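Novice: after the sequence you'll find the predicted model.
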Amino acid sequence: LQEHPNELLERDFLGLIRCLGRRSAWQSSIQVFDSMTRAGHEPKELHYTAAMRSCAQGGAAAATALRLFGELPAPTAPAFTA
């Protein structure tokens with residue numbers, strides 16, 4: 001991931017965020033999310049909600065989930081249920 005981050009597509013980032021979240025690896029999931037912007041990708045609501053869900057699945061990461069929610073440009077109903 002860190003060697004060639006520009007080679008990843010938005011769907012690849014989404015898959016990684018979701019997979020890591022399912023494994024309760026919320027910190028790694030957030031690192032992948034943050035690497036999206038460093039790689040020049042603009043996260044969409046799907047990426048935000050997947051990252052917020054990974055925080056919930058990983059345990060006590062409420063502050064990180066709230067940070068992500070605050071960064072979300074125009075949240076819709078799915079973002080409120082993440």
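Specialist: That came through, no problem. Not measured: the values here are computed from a predicted model.

Novice: what's the burial count for residue 23?
Specialist: 13 (other Cβ atoms under 10 Å). The C-beta positions use only the backbone N, C-alpha and C, and glycine is treated the same way.

Novice: how much space between it and residue 16?
Specialist: To residue 16, residue 23 is 11 Å away according to Cβ to Cβ, to the nearest Å.

Novice: now residue 76
Specialist: 23 Å.

Novice: now residue 76: closest residue in space, sequence neighbours ignored.
Specialist: residue 45 (6.5 Å; Cβ to Cβ, 6 or more residues apart in numbering).

Novice: burial measure for residue 9, as a count.
Specialist: 11.

Novice: correction: residue 68
Specialist: What residue 68 shows, counting by other Cβ under 10 Å, is a neighbour count of 24.

Novice: quick check: pLDDT value at it.
Specialist: Listed pLDDT for residue 68 reads 91.

Novice: could you say which helix or strand holds it?
Specialist: helix 62-71 (DSSP states H and E).

Novice: from the chain's centre, how far out does that helix sit?
Specialist: 10 Å (Cα atoms, centre = their mean, to the nearest Å).

Novice: next, the buried residues of that helix.
Specialist: By 16 or more other Cβ atoms under 10 Å, the buried positions in helix 62-71 come out as 64-65, 68-69.

Novice: who are the packing partners of that helix?
Specialist: In terms of contacts (3 or more Cβ pairs under 8 Å, 6 or more residues apart in numbering; DSSP states H and E), helix 62-71 is packed against helix 26-38, helix 45-58.

Novice: picking that back up, higher neighbour count, residue 76 and residue 16?
Specialist: For residue 76 versus residue 16, neighbours defined as other Cβ under 10 Å are more numerous around residue 16 (20 against 9).

Novice: gap between residue 72 and residue 33?
Specialist: From residue 72 over to residue 33 (counting by Cβ to Cβ), the distance is 12 Å.

Novice: what's the answer for residue 24, then?
Specialist: 16 Å.
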